[in-house]
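Participant: missing the sequence, but the structure's below:
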């Protein structure tokens, strides 16, 4: 950690007075791509914000600015290519928002070592279910978003919303798992639904953090600037490339997260 701190200070000296802003924009751009194609970007931005001197709670709230902005950009990018999931995304979004409002208010003490290892195993399971999907052509399967399936989805998104409001890190994988495997959406349509759903509940979660004074608007704005461009580019690019590129992105990010969480536990 001490060695990393020295490297960071040297980098800031090299970049000059706007060094932190440049780092936040570049990191935001990369994370905007990661979160739009797969998920897990918050596991990179949260440590970065904490490393820059923000307390964990303040870093968590500040990170929501970037999440809102990248989700808005990604949503507009998918819509510009004609990919959406109306009206179901609003049903899921409202349910997740109610959960997120609850999650943002909850203060839970969890042993970090146990939490990281549980999450590592969860990411591995999600990767197996999504990346090694035996169904070659998802478009041949009818979408499962009607009747009983819709109500079950609404309940599940409420539960996901609680986690999303609490920390959000890694929730993209869980949303993808639910939409792709349970609702039978293609991965491209899944991602389009995911980014809009996250946008809906994150606006309200950000409001809760802001109300409690847990947002650094300056750092959050620079980070959000990068995520806007990353999410816009990756959303449109993924539509052109189709499910295969999304599947590869998921495999890379889930593998990275699982290994990283296990080793730091």
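Facilitator: Noted; the coordinates are in hand. Note that the structure is a prediction, hence the values are computed from the model and not measured.

Participant: what about residue 144, how many residues nearby?
Facilitator: Counted by other C-beta atoms under 10 Å, the residues lying close to residue 144 total 17. For every residue, glycine as well, the C-beta is placed using N, CA and C.

Participant: tell me the first helix or strand C-terminal of the worst-scoring helix or strand of the chain on mean pLDDT.
Facilitator: Sorting the helices and strands of the chain by mean pLDDT, DSSP states H and E puts helix 2-15 at the bottom, at a mean of 53. Per DSSP states H and E, the first helix or strand lying C-terminal to helix 2-15 is helix 19-37.

Participant: what helices or strands is that next one leaning on?
Facilitator: Where contact means 3 or more C-beta pairs under 8 Å, 6 or more residues apart in numbering; DSSP states H and E, helix 19-37 is packed against helix 2-15, helix 42-51, helix 56-80, helix 187-211, helix 217-241, helix 243-264.

Participant: let's verify residue 84: helix, strand, or coil?
Facilitator: coil (DSSP: H, G, I helix; E, B strand; the rest coil).

Participant: same thing with residue 184?
Facilitator: What three-state DSSP gives for residue 184 is coil.

Participant: ditto for residue 40
Facilitator: Three-state assignment for residue 40 (three-state DSSP): coil.

Participant: for it, give me phi and psi.
Facilitator: For residue 40, the backbone dihedrals (degrees, to the nearest 10) come out as phi 90, psi 0.

Participant: mind checking how far it is from residue 20?
Facilitator: 23 Å (C-beta to C-beta, to the nearest Å).

Participant: and the two? which has more neighbours close in?
Facilitator: residue 40 (23 against 18).

Participant: distance of the more buried one from residue 91?
Facilitator: 26 Å.

Participant: one more: residue 149?
Facilitator: 12 Å.

Participant: any idea how many residues pack against the nearest residue to residue 27 once chain neighbours are set aside?
Facilitator: Among residues not flanking residue 27 along the chain, residue 48 sits closest, at 5.7 Å (C-beta to C-beta, 6 or more residues apart in numbering). By the criterion of other C-beta under 10 Å, residue 48 has 20 neighbours.

Participant: what does residue 228 give?
Facilitator: Other residues near residue 228 come to 21 when the count uses other C-beta under 10 Å.

Participant: show me the contacts for it.
Facilitator: Counting by C-beta atoms under 8 Å, 6 or more residues apart in numbering, residue 228 touches 28, 32, 69-70, 72-73.

Participant: mind checking pLDDT for it?
Facilitator: The per-residue pLDDT reported for residue 228 equals 95.

Participant: show me the shaky parts of the stretch 151-265 of the chain.
Facilitator: Counting by pLDDT under 70, the stretch 151-265 of the chain contains low-confidence residues at 241-265.

Participant: rerun that using 80 as the cut-off
Facilitator: The stretch 151-265 of the chain contains residues with pLDDT under 80 at 166-170, 238-265.

Participant: got a list of contacts for the helix or strand encompassing residue 96?
Facilitator: Using DSSP H and E, residue 96 maps to helix 88-105. Residues from elsewhere that reach helix 88-105, judged by C-beta under 8 Å, 6+ apart: 145, 150, 153-155, 157-166, 183, 193, 196-197, 199-202, 204-205, 208-209.

Participant: which among those residues count as buried?
Facilitator: 145, 153-154, 157-158, 160-166, 183, 193, 196-197, 199-202, 204-205, 208-209 (16 or more other C-beta atoms under 10 Å).

Participant: centre of the chain to stretch 161-179, how far?
Facilitator: Put simply, stretch 161-179 sits 7 Å off its chain's centre (C-alpha atoms, centre = their mean, to the nearest Å).

Participant: cool, and stretch 51-66?
Facilitator: Relative to its chain's centre, stretch 51-66 lies at 15 Å (C-alpha atoms, centre = their mean).

Participant: what lies in contact with it?
Facilitator: So stretch 51-66 is contacted by 4, 8, 20, 28, 31-32, 42, 45-46, 49-50, 167-168, 202, 205-206, 209-210, 212, 214-217, 219-221, 223-224, 226-227 (C-beta under 8 Å, 6+ apart).

Participant: all set, thanks.
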